[in-house]
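**Q** sharing a model prediction with you, sequence too.
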Protein chains: 2
Amino acid sequence: MTGRTRPIERRADALSRERIVEAAVTLLDVDGEGGLTFRRLAERLRTGPGAIYNHVANKGELLAAATDAVLAPALSAEVAEDVRAVALAVFDAIDAHPWVGTQLAFAPSQPAMLRVFERIGRRVRALGVPAGAEFASVSALTNYIVGVGGLNAANARAVAPGTDRTDFLTTVAVEWANLDPDEFPFTRDVAGQMRDHDDREQFLAGIDLILNGIRRLGRPG
Amino acid sequence: MTGRTRPIERRADALSRERIVEAAVTLLDVDGEGGLTFRRLAERLRTGPGAIYNHVANKGELLAAATDAVLAPALSAEVAEDVRAVALAVFDAIDAHPWVGTQLAFAPSQPAMLRVFERIGRRVRALGVPAGAEFASVSALTNYIVGVGGLNAANARAVAPGTDRTDFLTTVAVEWANLDPDEFPFTRDVAGQMRDHDDREQFLAGIDLILNGIRRLGRPG
DNA sequence: ACCTGAACACCGTTCAAGT
DNA sequence: ACCTGAACACCGTTCAAGT
């Protein structure tokens, strides 16, 4: 009866998809992947768990929306000048929000994955890769960034929170050094290098190896 | 191995870690990652859910044991002649048991992950990589194999069971072709190549790019 | 020493009842 | 149209009680 010309006045704290996703990101950041439940989310938003379903279809959709909300700004046009910059932007976003890594590696073909593919694609095309190798090159880089990013996030999550990084790496190095010499000769031998390595640096070294491999395609031999 | 005295006689169907892990692998293979619950496992083993805890500490340990049980034979000495063979052995194991990919990417530094690292390390060392680049090279390959393997498993899982592969790829290709031209010009442009690509081939192409990049390290320029 | 299964403290999701 | 919150059908894990 009041007509539909004027938007209906709403309480300032009315539920919306945006507010729900925002609260979900906070819960995930603060308490990790186990921290997001519909009951806790409803509590924070001062409503019942059922209300959330008026704005998101299910938990999977909520996680995908939260992932895209974190990754979209990280992959804005200004940031992504080259392949290494795109890779580091994704790595750092996962480092700051480890649940993003898990989600990316689990819900691919989502908007977030497409953003990475598109950015990498443009940069690889600018490199002048042979047309027949372009799709495979972009796929390898995208899959490496997302797959290995997720792997690093899982690694980080597996470590008890508050553990000193150096202590942890030393512990792993000692474990490696004590492996069975017949079954794990190589791993034993490089145990010392595990203690000193840096995840971010190593992530980037992998990107550089792939880029080296791609550049080599142009001039065979 | 060789018992000190004689092993105690047991009922043929007595619980054991081995029987539990075996039953877990079956449940995972048949019904996917959601198919493994302590109640269903207990039902299959004709016992109560609590009994399982006498042989495994928790669900995480059970999943890790199941993963290693599948991967260990795939990485036996005879199979792994070179890096590509190791990579394909892992890819095919994940293809046959998609839950292995998830588990590998989520519980690294587990025995299964170490097996891959060791195999790859031996082969890379045999390639004669400069000592300073060896650890990063082995890490890049291992992370690619495990991370991207997990990604492919997630992709496979996301597709409704029974969906024809060609139909699915065509659907994705159409989605890509209809993306926003301003936001996704590259992805739109290569949509047709998505339709024709082969996951296994592309996985291997990524390995080859990294190997190319590694070989290039020896002779700079 | 190992098994049993009820009980505990949770989940995601649904849905009748409200406004 | 949207919200509320009890209810449903599950979980992993624990633990007293059995053998």
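**A** Right, received. Where do you want to start? Numbers count the residues shown, from 1 in each chain, chains lettered A, B, ... in the order given.
**Q** spit out the contact partners of A:Arg195.
**A** A:Leu169, A:Thr170, A:Val172, A:Ala173 (CB atoms under 8 Å, 6 or more residues apart in numbering or on different chains). All C-beta spots, glycine's among them, are computed from the backbone N, C-alpha and C.
**Q** check what pLDDT the third one gets.
**A** Going back to what we said before, that points to A:Val172. Looking at A:Val172, its pLDDT stands at 92.
**Q** before we move on, the earlier item: pull out the buried residues from the contacts of A:Arg195.
**A** Among those, those classed as buried by neighbour count (16 or more other CB atoms under 10 Å in any protein chain shown) are A:Leu169, A:Ala173.
**Q** farthest pair within the contacts of A:Arg195?
**A** Taking CB to CB, the two most distant members of these are A:Thr170 and A:Val172; they sit 7.4 Å apart.
**Q** about what we covered before: and of the contacts of A:Arg195, the nearest to B:Val159?
**A** Distances from B:Val159 to the contacts of A:Arg195, taken by CB to CB, are shortest for A:Val172, at 36.1 Å.
**Q** where's the closest one relative to B:Ala64, distance?
**A** 16 Å (CB to CB, to the nearest Å).
**Q** got it, and A:Pro111?
**A** The span separating A:Pro111 from B:Ala64 equals 32 Å under the rule CB to CB.
**Q** pick out whichever of these two has more residues nearby.
**A** Counting neighbours by other CB atoms under 10 Å in any protein chain shown for A:Pro111 and for B:Ala64 shows that B:Ala64 has the greater number, 20 against 13.
**Q** does that one lie in a helix or a strand, and which?
**A** In this structure, B:Ala64 sits in helix B:59-74 according to DSSP states H and E.
**Q** buried stuff in whatever helix or strand comes next after that helix?
**A** Read in the C-terminal direction, the helix or strand following helix B:59-74 is helix B:83-96, with elements assigned using DSSP H and E. By 16+ other CB under 10 Å, the buried positions in helix B:83-96 come out as B:Val83, B:Val86, B:Ala87, B:Leu88, B:Ala89, B:Val90, B:Phe91, B:Ala93, B:Ile94, B:Asp95.
**Q** for A:Thr47, give me its contacts.
**A** Contacts for A:Thr47 (CB under 8 Å, 6+ apart) come out as A:Leu15.
**Q** which parts of chain A sit against DNA strand C?
**A** The interface of chain A toward DNA strand C, taken as CB under 7 Å from any atom of the strand, is made up of A:Leu36, A:Thr37, A:Phe38, A:Arg39, A:Arg40, A:Gly48, A:Pro49, A:Gly50, A:Tyr53, A:Asn58, A:Lys59, A:Gly60.
**Q** could you report the neighbour count for the fourth one?
**A** The criterion is other CB under 10 Å. On that basis, A:Arg39 has 10 neighbouring residues.
**Q** I'd say it and A:Gly50 touch.
**A** No: A:Arg39 is beyond contact range of A:Gly50, at 10.6 Å (criterion: CB atoms under 8 Å).
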